[in-house]
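Peer 1: Quick one, what's the 3D model for this:
(one chain, ligands or ions: 2)
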Amino acid sequence: MGLLEIEEVSVQFGGLLAVDDASISVPAGCVTGLIGPNGAGKTTLFNVITGLQAPSGGRVVLDDVEVTRRRPYRRARLGIARTFQRLEAFGSLTARENVLVALEMRRRWATARYDCGKIADELLERVGIAHVAETRVEALPTGSARLVELARALATDPKVLLLDEPSSGLDEQETDALGVLLHELTAGGLAVLLVEHDMPLVMEACSYISVLDFGRVIARGTPREIQADPSVQRAYLGTAKAAS
Ligand SMILES: Nc1ncnc2c1ncn2[C@@H]1O[C@H](COP(=O)(O)OP(=O)(O)O)[C@@H](O)[C@H]1O
Ligand SMILES: [Mg+2]
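Peer 2: Numbers count the residues shown, from 1 in each chain. Ligands and ions are numbered 1, 2, ... in the order given. Purely as a prediction, here's the structure:
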């Protein structure tokens, strides 16, 4: 049983079935990959998990508690955090201030007392952007701005972290560092669901992978099993043809 269970979720947008009866299990302590061509329904599924999109069917279960109809902020409190495919950090605030905003939110509901400034510095250090802590996010390169978002998501001390294409805008060195960080985070028990186009990162970071195509889960397995799966190769080849 996963810490996060997505059970038979469907999302209908008018005549389009963007997510079609998808079930995905996200265990604690490892990275689960969610891959698939553009338009497959990955971001929509993230929106269902975080409560930004109501599903037309199915359930979202966190730690044995059904959260399908909970408001987004309640799910955040229960331990679901995410980053966005498009940057959502506050541009006019510094990297450190962005993290502080999230920490102040957490402090309102946390029982333990803690020093927000100290934790903000630790988080910025942890994701590798301590040197730009006082820079406004709008002045940062995309890669660093993405890492600000990651630090902000971690500031809520989540049980489950959803990452929507975190490596886009990162250079090779930053992507490698992200892979290392994912291992460290999951070693501490965090469950990560990773949407990502960088296949070397996916294959290296993930323990399990689910493949989404036209809203359906067409395959699930270990990286090795997924790489060898003919239906996965067909789904990706189909997209390559359509794009050319
Ligand atoms: N709010 C929306 N209204 C209507 N259609 C949408 C909406 N959001 C996404 N879609 C459509 O749903 C499908 C899945 O989109 P998305 O979840 O963004 O895919 P992915 O993240 O895998 O690229 C696409 O066909 C997209 O155009
Ligand atoms: Mg997407």
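Peer 1: in which helix or strand would I find the closest residue to residue 165 other than its chain neighbours?
Peer 2: Nearest non-adjacent residue to residue 165, counting by CB to CB, 6 or more residues apart in numbering: residue 85, 5.1 Å away. C-beta here means a position set from N, CA and C on the backbone, and glycine is covered the same way. Residue 85 is part of no helix or strand, with elements assigned from DSSP states H and E.
Peer 1: mind listing what residue 85 touches?
Peer 2: Listed by CB atoms under 8 Å, 6 or more residues apart in numbering, the contact set of residue 85 reads 43, 164-165, 168, 195.
Peer 1: just those residues now: which is nearest ligand 2?
Peer 2: The shortest gap between ligand 2 and any of these belongs to residue 43, at 3.2 Å (CB to the ion).
Peer 1: residue contacts, the closest one?
Peer 2: Per CB under 8 Å, 6+ apart, neighbours of residue 43: 85, 164, 195.
Peer 1: correct me, but the second one touches residue 44?
Peer 2: No - the pair residue 164 / residue 44 is not scored as a contact, 10.8 Å apart, by CB atoms under 8 Å.
Peer 1: If I look at residue 87, what pLDDT would I see?
Peer 2: Per-residue confidence (pLDDT) for residue 87: 76.
Peer 1: scratch that, residue 139 is what I was asking about
Peer 2: 96.
Peer 1: gap between it and residue 145?
Peer 2: Residue 139 sits 9 Å away from residue 145, taking CB to CB, to the nearest Å as the criterion.
Peer 1: Between those two, point out the one with more neighbours.
Peer 2: More neighbours surround residue 145 than the other of residue 139 and residue 145, with 22 against 13 (other CB atoms under 10 Å).
Peer 1: correct me, but that one touches residue 90?
Peer 2: No - counting by CB under 8 Å, residue 145 stays clear of residue 90, with 10.4 Å between them.
Peer 1: Now the common contact residues for the two.
Peer 2: Joint contacts of residue 145 and residue 90 (CB under 8 Å, 6+ apart) are residue 137.
Peer 1: just for the chain, where's the confidence low?
Peer 2: For the chain, the stretches with pLDDT under 70 are 237-244.
Peer 1: ok, now with 50
Peer 2: Along the chain, segments meeting pLDDT under 50 span 239-244.
Peer 1: Domain map for it?
Peer 2: 1-79+158-244, 87-156 (automatic domain parsing).
Peer 1: what's the closest of those to ligand 2?
Peer 2: domain 1-79+158-244 (3.2 Å).
Peer 1: Hmm, residue 134 is touching residue 94, no?
Peer 2: Yes - using CB under 8 Å, residue 134 is in contact with residue 94, at 5.2 Å.
Peer 1: The two: who's more crowded?
Peer 2: residue 94 (18 against 9).
Peer 1: so residue 205 touches residue 195, yeah?
Peer 2: No - at 12.0 Å, residue 205 does not count as touching residue 195 under the criterion of CB under 8 Å.
Peer 1: ok, residue 105 touching residue 152?
Peer 2: No - between residue 105 and residue 152 there is no contact under CB under 8 Å: 9.9 Å.
Peer 1: what does the protein have sitting close to ligand 2?
Peer 2: 42-43, 85 (CB under 5 Å from the ion).
Peer 1: hey, where'd the strands end up in this protein?
Peer 2: 4-13, 16-26, 31-35, 57-62, 65-66, 80-82, 160-164, 191-195, 206-213, 216-221 (DSSP state E).
Peer 1: so what's the nearest residue to residue 120 once chain neighbours are set aside up against?
Peer 2: Closest residue in space to residue 120, ignoring its immediate chain neighbours: residue 99 at 4.4 Å, by CB to CB, 6+ apart. Residues counted as contacts of residue 99 (CB under 8 Å, 6+ apart) are 120, 123-124, 148, 151-152, 155.
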